[in-house]
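[1] The following block contains a protein sequence and its predicted model.
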Amino acid sequence: MTATTPGAPAALQWSTDNCTVGRTMEVLGERSTMVVLREVFNGVRRFDDMRRHSGIPRQVLTNRLALLVDAGILRRVPYREPGQRERHEYRPTEKGFDLYPVLVAVRAWGDRYLADPEGSPVEFEHVGCGAEVEVVLRCRDGHEVTGRRDVAARPGPGVRPFS
């Protein structure tokens, strides 16, 4: 089916060369990357603690942390225990904090389809009131999007024709 075939998806007319979803997945696409972000957002910021708690092999964790630092998602903060060499903690940058809703959405999907019968092992609460936090889709005019088919892709300002 081509873009000129009747009934073909309009998206077949758009190039994916500059797709921001594809670019994002180049950074976040490995399972261990989201696990590292889970650890950091949950306050586990030191390499040895992260490796022990997450079970990520040393070299994989080293690579993921380097990728996230290079991408500007995490920053390295030095610390030194008495009598030890300088080491680093990993803390989210503003760019990193912008991924928090992604983690909340991934957890919600996992809770819905993959949780144990007892339920989720973790909840995210609003510090101000204690209510559970959830991700909500909302258009720029403030309307909450509730229907699964109430969102459609359309060409954005950076669209390029597919060739």
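    On my side now, so go ahead.

[2] Residue 88: which element?
    strand 87-92 (DSSP states H and E).

[3] hang on, I meant residue 25
    helix 20-28.

[4] how about that helix: buried residues?
    Neighbour-count burial for helix 20-28, with 16 or more other C-beta atoms under 10 Å as criterion, is recorded at residue 28. All C-beta atoms are positioned from the backbone trio N, CA, C, and that covers glycine.

[5] what's the model's confidence in that helix, averaged?
    Helix 20-28 carries an average pLDDT of 92.

[6] export whatever helix or strand comes next after that helix as PDB, just CAs?
    Later in the chain than helix 20-28, the nearest helix or strand by DSSP H and E is helix 31-41. Provided in PDB are the C-alpha atoms of helix 31-41 (Å, rounded to 0.1, in the frame of the first residue of the first chain):
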ATOM      1  CA  ARG A  31      15.400  -1.900  29.200                       C
ATOM      2  CA  SER A  32      18.200  -1.000  31.500                       C
ATOM      3  CA  THR A  33      17.900   2.700  30.700                       C
ATOM      4  CA  MET A  34      14.400   3.000  32.200                       C
ATOM      5  CA  VAL A  35      15.500   0.900  35.100                       C
ATOM      6  CA  VAL A  36      18.300   3.300  35.800                       C
ATOM      7  CA  LEU A  37      15.800   6.200  35.600                       C
ATOM      8  CA  ARG A  38      13.500   4.300  38.000                       C
ATOM      9  CA  GLU A  39      16.400   4.000  40.500                       C
ATOM     10  CA  VAL A  40      17.500   7.600  40.200                       C
ATOM     11  CA  PHE A  41      13.900   8.900  40.600                       C
END
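
[7] Helix 31-41 vs helix 20-28, what angle?
    Counting by axes from the mean of the first three to the mean of the last three C-alpha atoms, to 10 degrees, helix 31-41 lies at 80 degrees to helix 20-28.

[8] Identify each buried residue in the following helix or strand past helix 31-41, please.
    Next in sequence after helix 31-41, counting helices and strands by DSSP H and E, comes helix 47-54. Within helix 47-54, the residues that count as buried by 16+ other C-beta under 10 Å are 47, 50-51, 54.

[9] Can you tell me the number of residues neighbouring residue 64?
    23 (other C-beta atoms under 10 Å).
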